[in-house]
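In: Give the three-dimensional model of this entry:
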Amino acid sequence: MLDIDYIDIKFLANHQVALIIDGPDKLENTDNFACCLQQGPMMISNYSFNYNQSLIYTVVSDTTWENGYTMDNILNANNCLSNKYFDCSTIYQGDHYYTRADNYDPTKFPSPGDIIGFIVNVYAHCFNYCETTCLKSCLFTGGISYDPPE
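Out: Residues are numbered from 1 along each chain as shown. As a prediction, the model looks like this:
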């Protein structure tokens, strides 16, 4: 799986919501100057819910590192450009199938069973080369039934 393939949102007990993201795979010896691309989602941004085309709740507004990734443990592309072999197994790998759980305020949401919209940007295959660059980014939008457990 080369892309960010799957996203799911589930409302959990105790006013929590889970964001589930699958992919992409790690890659080694790519045709890019980044010789290793790490697996799983690496950052998200603009994660929010809307109802009747109005914003009702923002989980994450700014871009945030996810899945254990930080600026310090993503690939530095300079390691690939040094004209020597770089061992891709030495860099951190986040989970391919990643779940993030957040608290939310149920008073901001409509009645259970109503359809709400969601939006989230997901970034993957990121590396450092003068700045952080991500080769994969997906904007996920959709509608789901607001069905929290009783």
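In: So what touches the least confident helix or strand in the chain by mean pLDDT?
Out: Every helix and strand in the chain was compared by mean pLDDT, DSSP states H and E; the lowest is strand 27-28, with a mean of 88. Outside strand 27-28, the residues within contact range by Cβ atoms under 8 Å, 6 or more residues apart in numbering are 2, 35, 36, 37, 88, 125. Yep, even glycine has a C-beta here, placed from its N, CA and C like the rest.
In: how many neighbours does the fifth one have?
Out: A count of nearby residues for residue 88, using other Cβ atoms under 10 Å, gives 19.
In: dump the residue contacts of it.
Out: Taking Cβ under 8 Å, 6+ apart as the definition of contact, the neighbours of residue 88 are 26, 28, 29, 35, 36.
In: all helices in the protein, in order from the N-terminus.
Out: Counting by DSSP state H, the chain has no helices at all.
In: ok, what's across the strand from the closest residue to residue 76 other than its chain neighbours?
Out: Setting aside the residues directly before and after it, residue 76 is nearest to residue 128 in space (Cβ to Cβ, 6 or more residues apart in numbering), at 4.8 Å. Bridge pairing for residue 128 (DSSP bridges) gives the partners residue 76, residue 132.
In: ok, now how distant is residue 128 from residue 88?
Out: Note on residue 128: its distance to residue 88, by Cβ to Cβ, to the nearest Å, is 15 Å.
In: now do residue 14
Out: With the distance defined as Cβ to Cβ, residue 14 ends up 39 Å from residue 88.
In: Point out where the chain drops to low pLDDT.
Out: 1-2, 30-33, 83 (pLDDT under 70).
In: could you pull out the strands for it?
Out: 6-12, 16-22, 27-28, 36-37, 41-51, 54-60, 64-65, 75-76, 97-103, 115-129, 131-145 (DSSP state E).
In: quick one, which of these is packed in tightest?
Out: Across these, averaging neighbours per residue (mean count of other Cβ atoms under 10 Å) puts strand 36-37 on top, at a mean of 24.
In: Tell me which other helices or strands that strand touches.
Out: Contact analysis of strand 36-37 by 3 or more Cβ pairs under 8 Å, 6 or more residues apart in numbering; DSSP states H and E lists strand 27-28 as its packing neighbours.
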